[in-house]
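**Student:** below: sequence and its predicted model.
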Amino acid sequence: MAGAGGGGCPAGGNDLQWCFSQVKGAVDEDVAEADVISTVEFSHSGDLLATGDKGGRVVIFQREQENKSRPHSRGEYNVYSTFQSHEPEFDYLKSLEIEEKINKIRWLPQQGAARFLLSTNDKTIKLWKISERDKRAEGYNLKDEDGRLRDPLRITALRVPILKPMDLMVEASPRRIFANAHTYHINSISVNSDHETYLSADDLRINLWHLEITDRSFNIVDIKPANMEELTEVITAAEFHPHQCNVLVYSSSKGTIRLCDMRSSALCDRHSKFFEEPEDPSSRSFFSEIISSVSDVKFSHSGRYMMTRDYLSVKVWDLNMESRPVETHQVHEYLRSKLCSLYENDCIFDKFECCWNGSDSAIMTGSYNNFFRMFDRTTWRDVTLEASRENSKPRASLKPRRVCAGGKRKKDEVSVDSLDFSKKILHTAWHPVENIIAVAATNNLYIFQDKAN
Amino acid sequence: MSQKQEEENPAEETGEEKQDTQEKEGMLPERAEEAKLKAKYPSLGQKPGGSDFLMKRLQKGVRGTISSEPKGALGMRSVEQKYFDSGDYNMAKAKMKNKQLPSAGPDKNLVTGDHIPTPQDLPQRKSSLVTSKLAG
């Protein structure tokens, strides 16, 4: 079992040393609600990094081409495009406010020059096309260079417009809007490996869409009971298998994961596999179910494993074994004796995400006090690091942090009672190939890289 | 052995099965926290996963009055949904024409129909047309 407080050894294969690379966002003390980052996602090649925020905006960063004269300098991520993806809405029929907060962004695999991503709020999913324009046509016949129409009587000769280079312009345009398919709040979207379909999941239902078709979707999972009084659990996350286009998983608020095979029936209410760790009934408390709720589920890149995040731990499951996880990593076990106050201040309901590195040898997830945790699955070492502007000199190494659960606090340790629970790292992302990570700390985005590169 | 358990763990119930020491220490904090919570909110139900609490989660975003009851298991306070009825609103406005419009006071636990929302009551619709500071 991995330790709870974090050790002094760096995590990741081959003794990685994480260093500060960049930080984006304002340094304000007062953070505007709209600026809180709500999702972070690398593209499939890792050259683009997208963030979504509570204000419904998407900002995309692009990695600069490496400088050949300085082969050891790492490519930095700079702003590539930014646009307003979703606006606040009001459903008058149900007296429901629809937040513009971007819940998830998922990239489509690149197929041409343009890039595509799906972004979703609670109710509506949008397909955005991001394209570059670096040429402009000049020498039109019917209009002059300012765009004003020329007097047709004055045109005496025809010319062929020529393409001239211009400053790069990146345009984002909504190509599809997938609306009105969810009664409850969308928590997940996942692009299928067939590159044609994707799923969207809300609290009680999962829908299957075709990327080209916006006026209908298929409902593939429906756990809404006939009598809402009998409701006992909700869907918390869902994802398609990375290689098998017929397989998807969804997690629940009761800590269970169901794997469904779309070949077995059109409506996947009956699972093919049911993953649940047996619980000791005598250790059950009021908090048991709440802290067992799975906030995120992610397949490994290999497709052989999946990882789930509940309030206090991260678990790795072998898809071939439903009875229990193959690994359990404690994220912040010292919080178990603080559950009462965490319930009162709502923190017990925080939804942390988790992610794999490109080779599936390490996993990462966030915690409080702007701490985040990394677990190396091969060396079984773990480390706690902090996203802080205090340690933001270029290429400054990150020092491992320790939390003191009780008793005498050693020098450099942080005591549990002095943790800042308003500084939560819910969203993190790992570059698909390299050791580069993006960590969202409220309204700031930190990028860290491995020194060795 | 069970006696020793009672001495060491006053927060736990009597008559429990014999447990491994390590498990006992892991369980103790959670049970102690549960006792703390129940002391503060005696009306909390036994089963946190009940349908009431999940229903409140599903109701996120519903506009209305927030009850002062303790939260359910999924963190939602129950919301009494208020509906805007344009007919009621216009009738109330017509009645008020000769008097001053009621000022937008704090919401009370009122039944729908007694309190007619006015445009001043409605929460401000914000729109984020400002560019994100991440892009700055």
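**Tutor:** Sure thing, it's come through.

**Student:** can you list the weak-confidence ranges in the chain?
**Tutor:** You didn't say which chain, so I picked chain A. Across chain A, the ranges flagged by pLDDT under 70 are A:1-15, A:67-74, A:453.

**Student:** that was the other one, I meant chain B.
**Tutor:** In chain B, residues with pLDDT under 70: B:1-27, B:45-53, B:61-84, B:97-129.

**Student:** check contacts around A:Thr120.
**Tutor:** Contact analysis of A:Thr120 by CB atoms under 8 Å, 6 or more residues apart in numbering or on different chains lists A:102-105, A:126, A:186, A:189, A:200. The C-beta positions use only the backbone N, C-alpha and C, and glycine is treated the same way.

**Student:** how many residues are close by B:Ser86?
**Tutor:** 8 (other CB atoms under 10 Å in any protein chain shown).

**Student:** show me the contacts for it.
**Tutor:** Taking CB under 8 Å, 6+ apart, one finds nothing in contact with B:Ser86.

**Student:** strand partners of the helix or strand hosting A:Thr308, parallel vs antiparallel please.
**Tutor:** In this assignment (DSSP states H and E), A:Thr308 forms part of strand A:305-309. Partners of strand A:305-309 in the sheet, by DSSP bridges, are strand A:296-299 (antiparallel), strand A:313-318 (antiparallel).

**Student:** tell me the contacts of the residue nearest to A:His427 when sequence neighbours are not counted?
**Tutor:** In space, A:His427 comes closest to A:Ala440 once its chain neighbours are excluded; the distance is 4.2 Å by CB to CB, 6 or more residues apart in numbering or on different chains. By CB under 8 Å, 6+ apart, the contact list for A:Ala440 reads A:37, A:40, A:51, A:425-428, A:446.

**Student:** narrow those to those in strands?
**Tutor:** Judged by DSSP state E, the contacts of A:Ala440 include A:37, A:40, A:51, A:427-428, A:446 as members of strands.

**Student:** now the residues you listed in a markdown table, with neighbour count?
**Tutor:** Shown next, in a markdown table, are these (neighbours: other CB atoms under 10 Å in any protein chain shown):
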| residue | neighbour count |
| --- | --- |
| A:Ile37 | 25 |
| A:Val40 | 21 |
| A:Thr51 | 27 |
| A:His427 | 24 |
| A:Thr428 | 23 |
| A:Tyr446 | 27 |
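
**Student:** between those residues, which sits nearest chain B?
**Tutor:** Nearest to chain B out of those is A:Thr51 (CB to the nearest CB; 6.1 Å).

**Student:** hang on, that closest one packs against A:Ile37?
**Tutor:** Yes - if you go by CB atoms under 8 Å, A:Thr51 and A:Ile37 touch, sitting 5.3 Å apart.

**Student:** what touches both of those two?
**Tutor:** A:440, A:445, B:134.

**Student:** can you redo the residues you listed as CSV with distance to A:Val27?
**Tutor:** Shown next, in CSV, are these (distance: CB to CB, whole Å):
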residue, distance to A:Val27
A:Ala440, 16
A:Leu445, 13
B:Leu134, 13
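
**Student:** sorry, back to before: any idea which of the contacts of A:Ala440 is closest to A:Gly303?
**Tutor:** A:Thr428 (21.2 Å; CB to CB).

**Student:** in the sheet, who's paired with the closest one?
**Tutor:** Beta-bridge partners, per DSSP bridges, of A:Thr428: A:Val439.

**Student:** who's in contact with it?
**Tutor:** A:40, A:353-355, A:364-366, A:372, A:437-440.

**Student:** how about JSON lines for the ones in strands among the contacts of A:Ala440, with distance to A:Ser295 added?
**Tutor:** Listed next are these as JSON lines, based on distance: CB to CB, whole Å:
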{"residue": "A:Ile37", "distance to A:Ser295": "16"}
{"residue": "A:Val40", "distance to A:Ser295": "15"}
{"residue": "A:Thr51", "distance to A:Ser295": "19"}
{"residue": "A:His427", "distance to A:Ser295": "11"}
{"residue": "A:Thr428", "distance to A:Ser295": "13"}
{"residue": "A:Tyr446", "distance to A:Ser295": "21"}
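
**Student:** my guess is A:Val234 contacts A:Thr256, does it?
**Tutor:** No - the pair A:Val234 and A:Thr256 does not pass the contact test of CB under 8 Å, sitting 11.6 Å apart.

**Student:** shared neighbours, these two?
**Tutor:** By CB under 8 Å, 6+ apart, A:Val234 and A:Thr256 have no common neighbours.

**Student:** quick revisit: closest to A:Ala26 out of the contacts of A:Thr428?
**Tutor:** A:Ala440 (13.8 Å).

**Student:** count of neighbours near whatever residue of the stretch 101-250 of chain A ends up closest to chain B?
**Tutor:** For the stretch 101-250 of chain A and chain B, the shortest gap (CB to the nearest CB) falls at A:Leu231, measuring 4.4 Å. Neighbourhood size, A:Leu231 [other CB under 10 Å]: 21.

**Student:** show me the contacts for it.
**Tutor:** With CB under 8 Å, 6+ apart, A:Leu231 has these contacts: A:224-225, B:51, B:54-55.
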